[in-house]
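Asker: just need the structure, nothing else, for what follows:
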Amino acid sequence: MPQRATTKAAPRKPARAARAHFHVLASDKISDAGLDLLRADPEIAVTSKTDYTPEGLREAIGKYDALIVRSQTRVTADIIEAGKKLQIIARAGVGVDNIDVQAATRRGIVVINSPEGNTIAATEHTLALMLALSRTIPQADASMRRGEWKRSAFMGVEVYNKTVGVIGLGKIGSEVARRCRALGMRVLAYDPFVSREHAERIGAEPVDLPTMLKQSDYVTLHVPKTKETAGMIGAKQLALAKKGLRIINVSRGGVVDEAALAEAIRSGKIAGAAVDVYEQEPPKDSPLLGLDNVILTPHLGASTEEAQVKVAVDVCAQVREVLHGRPARTAVNVSPVPAEALSALEPYFRLAEKLGRLLGYLAEGRYSDVEVAYSGEVADLQISAITPALLQGLLEPFLEEPVNLVNAGYIAENRGITVKESRSSAPADYTTLISVTVTGDGRRASVAGTLFGRKEPRVVLIDDYRVDFVPDGYMVISRHTDKPGVIGRVGTILGEKGINIAGMNVGRKVPRGKAVMALAVDSPIPPAVLRELEQVSGMEKCWLVEL
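Answerer: Got it, this is the predicted structure:
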């Protein structure tokens with residue numbers, strides 16, 4: 001039989017790998033534990049290149065949909081502008097100081113960080129320094145390496161049954177407080193922006209700063225460096241301290257006055273200190289460098305293998321989510337508002353933020369409840385988008401972590417603050433009104449504002465006193481008795497100091513009763529001048545407010 005012809009099958013070509021739809025650049029060293037999450041996604045291509053110059057990054061960034069950095073890369077406005085495809089910038093760490101967040105927001109680029117990734121690392125470093133300070137471990141180690149055996153020279157103290165003061169009850173401060181309780185310590189807490197209930201929940205007793213300093217054997221700081229916290233532990237505070245106090249700072253350089261601390265240690269008032277952060281880094285000229293009973297570490301708070309893995313996994317997972325159209329958990333800039341609602345909401349964002357910022361100064365101390373009442377035209381808008389702007393103004397000046405429309409509600413909740421919203425028809429005198437009241441520890445403070453011409457923010461009430469002023473720039477807000485000479489004396493003092501008054505408004509209910517004054521000034525008022533104003537006969541309290 002004739003043989004049947006056969007055809008040999010052509011060899012099968014290997015399937016072409018799917019073309020990546022998204023391109024991600026890691027321009028700093030990022031743990032592979034995080035990057036592997038992105039590499040496992042067939043739609044994502046990852047490039048890790050850590051030797052870019054600023055010019056090189058600006059030239060290369062145009063093809064990337066996401067950029068992941070740590071602290072080395074500076075993501076400036078010109079780099080952001082060149083990133084025509086960028087959807088997200090991720091900081092594998094807490095701070096975003098090296099990212100121009102405003103420029104990213106203007107471009108609609110989400111900026112995220114990992115606010116909790118280094119919490120345990122910084123907490124454990126704090127405890128390690130506290131114990132090392134108590135038992136003079138570094139000094140004893142150095143002595144042994146010199147061939148010495150001086151047991152009596154390194155007599156330590158126990159932390160058990162001692163009192164520790166924790167300044168700042170954010171994530172790290174709260175974890176430090178919990179662990180100190182486990183060590184058998186009494187824990188005092190100072191944080192004007194955390195409710196009493198939150199402090200007590202973690203086993204801490206809320207107190208004011210002078211009380212803490214007078215009663216504590218240890219004080220540990222966990223606050224950002226802001227205008228309010230810079231130098232918050234200085235010569236005046238150290239003079240109040242219990243003799244033998246030991247101080248630990250793993251927060252930010254500059255919140256402790258290094259010269260004042262060194263002098264207090266040399267005098268014997270302060271037994272010692274353990275410091276991880278400095279006014280200048282590296283601290284070449286710090287007076288702390290020459291003191292034997294001070295432990296110094298080179299900003300190691302977040303430097304653990306585990307912390308670097310955590311922050312990498314956290315931000316890479318969020319990059320993946322955002323690239324696939326899902327929201328980020330820890331965005332630090334404004335979330336998008338529908339275009340059709342934006343024009344109507346924008347003036348209220350400004351008004352709410354100004355009201356919150358003003359109230360942050362006037363509230364003074366812990367508050368646990370924030371009530372926001374929307375009346376009139378504003379009540380018909382998307383008030384859930386406005387309240388975060390108010391919370392941003394209330395919290396931002398006093399907290400380390402970035403606060404914005406995205407995370408303000410989460411931060412308030414995390415600090416034990418209850419936020420309530422309500423709507424109602426307009427009061428007789430206004431077509432639209434936002435009223436805010438904060439309460440806590442038996443204190444109450446309130447402000448209210450409206451829009452003039454539907455655009456200009458105006459404050460119209462402070463603690464039920466009628467006022468009328470534009471919340472902008474530097475202002476002095478006072479509570480005083482309405483009697484002849486008070487306002488004149490205030491003007492005289494400011495004039496003598498060369499401080500120009502731009503405007504004044506006084507609210508009162510009855511002549512010669514209690515009154516509120518809002519004084520716009522052209523420049524900041526030094527603390528000494530503010531104290532002089534408070535000494536004016538009839539003056540109860542003055543605040544310098546920057547709006």
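Asker: show me this structure divided up by domain.
Answerer: 22-115+307-323, 119-296, 336-472, 473-547 (automatic domain parsing).
Asker: now mean neighbour count too, for those domains, in a markdown table please.
Answerer: Placement of C-beta: from N, CA and C, glycine included. Output for the domains of the chain, formatted as a markdown table (neighbours: other Cβ atoms under 10 Å):
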| stretch | mean neighbour count |
| --- | --- |
| domain 22-115+307-323 | 19 |
| domain 119-296 | 18 |
| domain 336-472 | 19 |
| domain 473-547 | 16 |
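Asker: of those domains, which shows the lowest average pLDDT?
Answerer: By mean pLDDT, the lowest-scoring of the domains of the chain turns out to be domain 336-472, with a mean of 86.
Asker: show me what the helix or strand residue 188 falls within is packed against.
Answerer: In this assignment (DSSP states H and E), residue 188 forms part of strand 186-190. On a contact count with 3 or more Cβ pairs under 8 Å, 6 or more residues apart in numbering; DSSP states H and E, strand 186-190 meets strand 163-167, helix 171-182, strand 205-206, helix 209-215.
Asker: circling back: and the domains of the chain as a markdown table, adding distance to residue 330?
Answerer: Putting the domains of the chain into a markdown table (distance: least, Cβ to Cβ, whole Å) gives the following:
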| stretch | distance to residue 330 |
| --- | --- |
| domain 22-115+307-323 | 5 |
| domain 119-296 | 12 |
| domain 336-472 | 7 |
| domain 473-547 | 28 |
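Asker: and of the ones you listed, who's closest to residue 329?
Answerer: Counting by Cβ to Cβ, residue 329 lies closest to domain 22-115+307-323 out of those; the figure is 6.1 Å.
Asker: end-to-end on the closest one?
Answerer: Domain 22-115+307-323 has an end-to-end distance of 7 Å (Cα to Cα, to the nearest Å).
Asker: quick one: distance of that domain to the chain centre.
Answerer: 22 Å (Cα atoms, centre = their mean, to the nearest Å).
Asker: go on, stretch 21-38?
Answerer: With Cα atoms, centre = their mean, you get 27 Å for stretch 21-38.
Asker: who's in contact with it?
Answerer: 43-50, 52, 57, 60-61, 63-73, 85, 92, 308-309, 311-317, 319-320, 323 (Cβ atoms under 8 Å, 6 or more residues apart in numbering).
Asker: ok, stretch 512-524 next?
Answerer: 459, 462-463, 465, 467, 469-470, 472-483, 487, 490, 494, 499-508, 544, 546.
Asker: touching, residue 395 and residue 192? I think so.
Answerer: No. Using Cβ atoms under 8 Å, residue 395 is not in contact with residue 192, being 11.2 Å away.
Asker: tell me which element residue 545 is part of?
Answerer: strand 539-546.
Asker: end to end, how far does stretch 212-227 reach?
Answerer: Taking Cα to Cα, the first and last residues of stretch 212-227 lie 21 Å apart.
Asker: just the helices in the stretch 251-400 of the chain please.
Answerer: With helices called from DSSP state H, counting those that start in this stretch, the stretch 251-400 of the chain shows them at 258-267, 305-323, 339-363, 383-395.
Asker: what angle sits between the last one and helix 339-363?
Answerer: In terms of direction (axes from the mean of the first three to the mean of the last three Cα atoms, to 10 degrees), helix 383-395 departs from helix 339-363 by 30 degrees.
Asker: touching helix 383-395 from outside, list them.
Answerer: With contact meaning Cβ under 8 Å, 6+ apart, helix 383-395 is reached by 193, 337, 341, 345, 348-350, 352-360, 370, 372, 374, 378, 403-406, 408-409, 411-412, 419, 421, 423, 434, 436, 438.
Asker: make it 7 Å
Answerer: Here helix 383-395 makes contact (Cβ atoms under 7 Å, 6 or more residues apart in numbering) with 193, 337, 345, 348-349, 352-357, 359-360, 372, 374, 403-405, 408-409, 411-412, 419, 421, 423, 436.
Asker: repeat that for the shortest one.
Answerer: Taking contacts as Cβ under 7 Å, 6+ apart, the residues outside helix 258-267 that touch it are 234-235, 238, 247, 270, 272-273, 279, 286-288, 291, 293-294.
Asker: what helix or strand is residue 111 located in?
Answerer: Going by DSSP H and E, residue 111 is in strand 110-112.
Asker: which elements pack onto that strand?
Answerer: In terms of contacts (3 or more Cβ pairs under 7 Å, 6 or more residues apart in numbering; DSSP states H and E), strand 110-112 is packed against strand 88-91, helix 305-323.
Asker: 8 Å - rerun?
Answerer: Using 3+ Cβ pairs under 8 Å, 6+ apart: strand 110-112 touches strand 88-91, helix 101-106, helix 305-323.
Asker: dump those to TSV, plus distance to residue 173.
Answerer: Below are the helices and strands packed on strand 110-112 laid out as TSV (distance: least, Cβ to Cβ, whole Å):
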stretch	distance to residue 173
strand 88-91	22
helix 101-106	24
helix 305-323	17
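Asker: closest one to residue 216 among these?
Answerer: helix 305-323 (27.9 Å).
Asker: the closest one: how far from the chain's middle?
Answerer: 21 Å.
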